[in-house]
Structure formats: structure tokens, C-alpha cells
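Visitor: starting from these lines, generate the structure:
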Amino acid sequence: MKKFLILILLIILSSSAYAQKNTIKLLAVSQETNEGTAVDLDLTVIDGSGKIFMETYPLSQIDTQISLRVAKMIACETSKEYCLDKDFMYSMKTASPVIAGPSAGAAMTLLTMASLENKNLDAHTVITGTINSGGVIGPVGAIKEKVKAAENAGMKKVLIPGGELNSSEIDEIKNESKISLIEVSNIDEAYAIFTGTNKENKEIVVDAEYQSIMRSMNREICERNEELLAQIKDINDSAHEKIKKMAINLSEESKILYSEGKFYSSSSRCFGSNVYAREILSETSNSTNSETQNQSLEIQKKLIELEKFLNSTKITNLGQLEAAMIIRERIFDARDNLKEGNTSKRSVSYALERAYSADSWKNFMEKSGKNIDETKLKESCSAKINEVNELYNYVSIYTPSLLKETKEELDNARSYLKTEDYALCLFKASKSKADIDVLLGALYASTSDISYLVDSKILAAKNKIIKQIESGTFPVLGYSYYEYATALKDKDQYMALLYAEYGIELSNLDIYFPQKKPFEFKIDFLLGAVSLFVIFLCVFALKKQHKRRITLK
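Guide: Numbers count the residues shown, from 1 in each chain. Here you go, the predicted model:
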């Protein structure tokens with residue numbers, strides 16, 4: 001009887017522990033034959049601490065392992081489930097070596113999301129596509145071979161990255177195959193198809209408090225612009241003709257952007273115009289090096305005052321953190337232009353406007369937002385640096401020469417972690433990740449894909465912002481950079497792509513300040529509790545019966 005009770009207890013304990021299993025088919029290419037093949041990827045999610053374990057046979061390539069890590073990260077960002085108390089155990093076994101890697105990223109993400117949310121995936125649907133920041137699904141190769149493999153495996157639908165249906169290769173596939181090909185641009189669209197759910201199209205509702213503060217900040221910067229332009233109006237020498245024209249053009253662009261309600265973008269244009277105007281004034285004023293040096297010292301004093309303000313202000317919510325991040329970044333930028341006693345009139349002009357800009361952002365320190373624990377800033381920054389470092393090591397395998405500035409920014413983040421400047425540390429690390437994400441997104445994209453990629457990233461930033469708003473917080477920096485990306489996309493696609501990445505990354509800060517997970521009353525817990533109660537009754541009854549036998553004797 002005791003053995004029976006122990007067996008029941010073990011069954012109960014094993015069933016009450018969190019264990020969610022799921023499977024998805026990956027479309028890959030055989031290393032031996034270069035033909036398409038379909039392989040199973042299994043995932044078991046168990047109680048843990050956010051770790052990833054991977055079992056593959058034969059051994060997988062490094063890009064497959066990194067793709068799994070990126071997929072898990074994006075799935076946790078996209079899903080509403082809590083990830084820090086779970087471990088992820090992936091398993092993939094094939095008869096021969098295959099090339100899956102980045103092209104399986106979208107499938108890996110879907111599998112992880114479904115496992116987290118306890119959803120069933122359509123067993124007759126497969127997907128091929130890379131996964132990028134914001135859940136954007138990127139282009140892949142060997143689509144013809146993969147679609148054929150899907151058909152041979154009995155699949156009915158193949159989801160492919162958006163923008164590829166018009167290629168001659170796809171046209172050929174459609175003529176030869178009865179399988180349904182569907183374009184998807186992001187992971188939310190794919191998830192809706194795989195799970196049979198509906199994806200709602202929503203729009204951003206801009207926070208009224210944000211609009212009010214940003215409009216006021218715009219007025220401050222752009223009124224200064226009008227004053228500066230008035231001062232250079234009569235300066236018509238050929239040496240400054242080009243820069244004067246640039247200042248005027250930026251000012252005109254700012255007015256158009258303001259009329260469109262894009263107050264941050266308008267402010268950025270006024271800022272640029274102000275720098276050019278100040279440079280002209282400095283170079284035509286016949287000021288001495290000593291006078292320029294004195295101006296530099298005055299700017300340094302202003303920066304110190306701003307730092308004192310920040311150091312005396314307790315950060316209690318995300319809105320304050322975002323404001324502190326951008327102010328400290330502007331202080332850093334201004335100081336960087338004045339380093340080593342630099343007294344060039346261009347550098348001093350830029351530093352002065354940066355100091356004014358930093359001061360303008362102080363108004364956002366009063367904005368409400370999601371509560372955070374300031375003591376968690378160090379932990380959050382450290383986690384962010386580790387995440388970025390992992391991505392950096394991966395991308396540097398392919399493009400080491402393109403990551404020099406990103407490496408410097410990441411090193412700066414580490415320095416700020418050591419000096420306990422956690423707000424600037426988190427900001428630098430976040431921007432470093434966005435820089436890397438730009439390269440990751442463009443790594444498998446051709447020049448003709450850039451326009452589509454920019455639109456996809458802007459949409460991804462928009463979706464991130466909407467999710468943040470629905471969770472009860474308005475991402476000040478995320479929205480500002482998203483807005484600027486939309487303003488840039490018709491003029492400078494590469495800069496638009498960069499700012500869209502900033503918008504995505506800085507709309508995600510809350511994941512580094514997780515709230516304590518609330519207790520969830522699950523059916524497994526209920527069954528376990530009931531079973532334990534039954535065992536207790538059985539043991540009690542047995543003891544009572546045993547006692548009665550002794551009494552009878």
C-alpha cells in the first residue's frame with residue numbers, strides 16, 4: 001500500500017509542475033543533397049529561470065543556435081506570458097545534417113510563442129523566414145526547394161516572407177505546385193494563421209500629456225530658431241551660402257512637420273537649423289579663441305547643473321527613466337564635442353544647442369508612467385548588456401568591420417555600469433542593440449528589399465507602441481523615434497531604418513523591469529491539491545483501520 005501511495009504522489013508532483021510541449025516543422029536544406037527537407041523541432045517549457053537548452057543530432061551550426069536564442073527573445077517580447085521563471089528545452093534530430101539557421105527563425109519564434117501561450121499550431125502549415133527585431137519576417141533563399149519539401153511532407157500552406165511572391169521563382173512554384181503560398185510580413189500575422197485567431201488592425205492613440213509637453217518643447221527650440229535665422233538673414237558671403245541654405249531648408253521642413261503634428265521631428269529639424277545658424281554667427285563675429293573657450297566653459301557649467309538636477313531626482317516610473325536617459329545622452333554628446341579642450345566654433349555651436357536640448361527634456365521628468373523600482377536599474381542594465389553582447393558576437397562573425405562604433409557604444413555602456421550611471425548605461429546598450437538589429441535585418445536583404453524592410457520596421461515599431469499603450473504606459477522615446485522614422489523614410493531610407501529600430505527597442509524597456517509575477521490559479525494546481533487531499537484521507541483511513549485492528553487484538 002505504501003508503494004502505491006508513493007507512486008500516486010510522484011505522478012501528482014510531476015503533473016503539477018509546469019511542462020508545456022509543442023512541435024513545429026522546419027523547412028531546411030540538406031547539406032548532402034542541397035534538396036529541401038522538413039524536420040521536426042520540439043520544445044518543452046518547464047519551470048526554471050529563463051535558460052535555453054538545445055539538443056540536436058547531428059550537431060547544429062552556430063547560426064542555428066543563435067537563431068534559437070533570438071527567436072526565444074522575440075517570442076518573450078511579443079507574448080504576454082512571463083518568461084523569467086521558465087526554461088526552454090529545444091530538440092531537433094535529423095537523419096543527415098541540414099542547413100536551417102536564420103531561415104528557420106520565424107518558425108522557432110512561432111513554436112516558442114505557442115508553447116508559452118498554450119496554443120496549438122496548425123500541423124499542416126509551415127513557414128520559412130528569418131526573424132528580426134519587432135517580429136519582422138525577413139527574406140530567405142532556396143524557397144523552391146523548401147516548398148517542394150513541404151508538399152512532400154503533406155503540408156497545405158507555406159508562409160513566406162512578404163515581397164517574394166512576385167519573383168519569377170515563386171511564379172514557377174505556383175504553376176508547379178498545388179500548395180497554398182501566403183505572404184506574411186511579421187510574426188503576428190503568421191501567428192494568427194497558425195493558431196486560427198484574428199489579428200486586429202489598430203492605430204496609435206497619442207498620449208495627450210506627451211503631446212502637450214512635446215509641443216511646448218518644440219515651441220522653445222523653434223522660437224530660438226526664428227531668432228537665430230533673423231540674425232543671419234543679412235549674412236550673404238559666399239563662404240556661408242551653402243550652410244545658410246541648409247539652415248533655412250531645415251527650418252522650413254520643421255514647419256511642415258509641425259503642421260502634421262510631428263512635434264519631435266519638427267524639433268529635430270529646428271535643432272539642426274540652430275546648429276548651422278550658430279556656426280555662421282560664430283564664424284562671422286570675429287570672436288577670439290579666448291572668447292570661444294569661455295563659451296565652452298559656460299556650456300560645461302550648464303551641463304554640470306543638469307547632472308545635479310538628475311542626481312537629485314528619484315526615478316520612480318518609466319517616463320522619468322526615459323527622460324533621464326535622453327538628458328544624460330545629450331549631456332554626454334555635448335561633452336564629447338568639447339573634449340580635450342576642443343574650441344572649434346562648429347563643436348561649440350553644436351554643444352550649446354545640445355545643452356539647450358537636454359534642458360528642454362527636463363519637462364518630461366514630470367510625466368507619469370509605469371512604476372519601476374530604481375534599485376533594479378543596475379540589474380536591468382547588466383541584463384541588457386549581456387543580451388547585446390550575445391548578438392554582437394554573432395553579427396561580428398559576418399560583418400566585423402561594420403561594428404566598430406557599435407562596439408564603442410557597448411563599451412561605453414559597460415563603463416557607465418561601473419560608474420553606476422545606470423540610465424545612460426541602459427540607453428547606450430539599447431541603442432547598440434538597435435544598431436546591431438539594423439545589420440541583422442539587412443544581412444539577408446538585397447538593395448531592392450530596403451524599402452520594404454523600412455516599411456516593415458516602421459510597422460513593427462508602431463505595433464510595439466500600441467502594445468505598450470494597451471499595457472498602460474506610453475513609450476516617450478519609442479514613439480518619438482517612430483515618428484522621426486516616418487518623417488525620414490521618403491528622404492533617407494537608411495536613417496529611417498535606424499530610427500525605426502530605435503523606436504522598436506525603446507518601446508520595450510518595460511521588459512527589463514518585470515512586475516512580480518501574480519499567482520495564477522491553474523487547473524494543474526487544482527488537480528494536484530485535490531489529489532493530495534485524497535491521499536491524506538486514504539492515509540488517515542489506513543491509520544484508523546490499523547489502530548482499530550490493534551484495539552480488537
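Visitor: buried stuff in stretch 333-342?
Guide: 334, 335, 337, 338 (16 or more other Cβ atoms under 10 Å). To be clear about C-beta, it is placed using only N, CA and C from the backbone, and glycine gets the same treatment.
Visitor: not counting sequence-adjacent ones, nearest residue to the first one?
Guide: If I follow you right, that is residue 334. With Cβ to Cβ, 6 or more residues apart in numbering as the criterion, residue 334 has its nearest non-adjacent residue at 3.8 Å, and that residue is residue 354.
Visitor: which residues touch residue 473?
Guide: Listed by Cβ atoms under 8 Å, 6 or more residues apart in numbering, the contact partners of residue 473 are 318, 319, 369, 370, 510.
Visitor: quickly find the element holding the residue nearest to residue 334.
Guide: Under the criterion of DSSP states H and E, residue 354 resides in helix 345-360.
Visitor: now for that helix, which elements pack on it?
Guide: helix 208-232, helix 263-284, helix 289-311, helix 318-337 (3 or more Cβ pairs under 8 Å, 6 or more residues apart in numbering; DSSP states H and E).
Visitor: looking at those helices, which is nearest to residue 154?
Guide: Proximity to residue 154 (Cβ to Cβ) singles out helix 318-337 among the helices and strands packed on helix 345-360, at 47.8 Å.
Visitor: count of neighbours near the closest residue to residue 414 other than its chain neighbours?
Guide: Distance criterion Cβ to Cβ, 6+ apart; nearest residue to residue 414, sequence neighbours excluded, is residue 385 at 6.2 Å. Neighbourhood size, residue 385 [other Cβ atoms under 10 Å]: 22.
Visitor: can you check residue 298 too?
Guide: Residue 298 has 13 neighbouring residues, counting by other Cβ under 10 Å.
Visitor: the one 5 residues further on too?
Guide: The tally of other residues near residue 303 (other Cβ under 10 Å) stands at 21.
Visitor: residue 297 too?
Guide: Residues lying near residue 297 (other Cβ under 10 Å) number 12.
Visitor: from residue 377, how far off is it?
Guide: Here the distance between residue 297 and residue 377 works out to 32 Å (Cβ to Cβ, to the nearest Å).
Visitor: now the two most distant members of the contacts of residue 473.
Guide: In the contacts of residue 473, two members sit farther apart than any others by Cβ to Cβ. They are 319 and 510, at 11.4 Å.
Visitor: who has more neighbours, those two?
Guide: Neighbours per residue, other Cβ under 10 Å: of residue 319 and residue 510, the larger number sits with residue 319, 26 against 19.
Visitor: next secondary structure element downstream of the helix holding residue 354?
Guide: Counting by DSSP H and E, the element after helix 345-360 in chain order, helix or strand, is helix 377-398.
Visitor: using PDB, write out every CA atom in the very next helix or strand once past that following helix.
Guide: The helix or strand immediately downstream of helix 377-398 is helix 404-418, counting by DSSP H and E. What follows is the C-alpha trace of helix 404-418 in PDB, where atoms were taken according to Å, rounded to 0.1, in the frame of the first residue of the first chain:
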ATOM      1  CA  LYS A 404      33.400  49.400 -34.700                       C
ATOM      2  CA  GLU A 405      31.200  52.200 -33.500                       C
ATOM      3  CA  THR A 406      28.700  49.800 -32.000                       C
ATOM      4  CA  LYS A 407      31.500  48.100 -30.100                       C
ATOM      5  CA  GLU A 408      32.500  51.600 -28.700                       C
ATOM      6  CA  GLU A 409      28.900  52.300 -27.600                       C
ATOM      7  CA  LEU A 410      28.700  48.900 -25.900                       C
ATOM      8  CA  ASP A 411      32.000  49.500 -24.200                       C
ATOM      9  CA  ASN A 412      30.600  52.900 -23.100                       C
ATOM     10  CA  ALA A 413      27.500  51.100 -21.600                       C
ATOM     11  CA  ARG A 414      29.800  48.800 -19.600                       C
ATOM     12  CA  SER A 415      31.700  51.900 -18.400                       C
ATOM     13  CA  TYR A 416      28.500  53.600 -17.200                       C
ATOM     14  CA  LEU A 417      27.500  50.300 -15.500                       C
ATOM     15  CA  LYS A 418      30.800  50.500 -13.500                       C
END
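Visitor: and helix 404-418, what does it pack onto?
Guide: Using 3+ Cβ pairs under 8 Å, 6+ apart as the contact criterion, the elements in contact with helix 404-418 are helix 377-398, helix 422-443.
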